[in-house]
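Asks: Sequence unavailable; structure follows:
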């Protein structure tokens with residue numbers, strides 16, 4: 001796919017770029033204190049400089065470490081804090097955080113082990129959204 005036909009999606013996770021270009025764009029912004037949104041923000045600068053992404057069908061990325069649900073919630077809370085940094089660095093962009101459109105409280109009870117899949121997915125999705133909101137709103141209060 002040529003650069004002119006590439007889909008304009010900013011991303012940097014599991015991506016490769018020449019070191020000279022990475023350095024020329026300033027690398028990852030150290031104002032991101034957590035490992036969330038820093039790679040996406042770099043991808044925005046990469047695309048603004050004329051860069052593009054290309055899907056490589058044979059590429060494989062493997063993350064060989066277990067992550068508990070509590071750890072994933074902590075990651076989402078840090079992502080909420082980092083979302084504020086992204087907004088400050090790129091105020092002209094549309095930042096739509098679906099997790100902020102949800103209610104403030106986790107309302108779903110813990111599902112039974114034999115609950116239907118859609119019930120379990122809804123419960124865990126609500127918990128993850130709540131973790132993002134906590135981080136996002138905590139940063140606003142400081």
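Replies: All right, it came through fine. This is a predicted model, so every value here is computed, not measured. Numbering: from 1, shown residues only.
Asks: all contacts plus neighbour counts: C-alpha atoms, from now on.
Replies: Will do.
Asks: Helix or strand: which one has the nearest residue to residue 93 once chain neighbours are set aside?
Replies: Spatially, and ignoring its direct neighbours in sequence, residue 93 is nearest to residue 87 (7.9 Å; Cα to Cα, 6 or more residues apart in numbering). Assignment of secondary structure by DSSP states H and E places residue 87 within helix 69-89.
Asks: centre of the chain versus that helix, how much separation?
Replies: 8 Å (Cα atoms, centre = their mean, to the nearest Å).
Asks: Please apply the same query to stretch 30-46.
Replies: 9 Å.
Asks: Check stretch 28-47 too.
Replies: Stretch 28-47 sits 10 Å away from the centroid of its parent chain (Cα atoms, centre = their mean).
Asks: How much space separates the residue most central in space within the chain from residue 30?
Replies: The central residue of the chain, meaning the one whose C-alpha is nearest the mean C-alpha position (Cα atoms, centre = their mean), is residue 37 at 5.2 Å. Distance from residue 37 to residue 30, counting by Cα to Cα, to the nearest Å: 11 Å.
Asks: Could you do residue 38 as well?
Replies: 8 Å.
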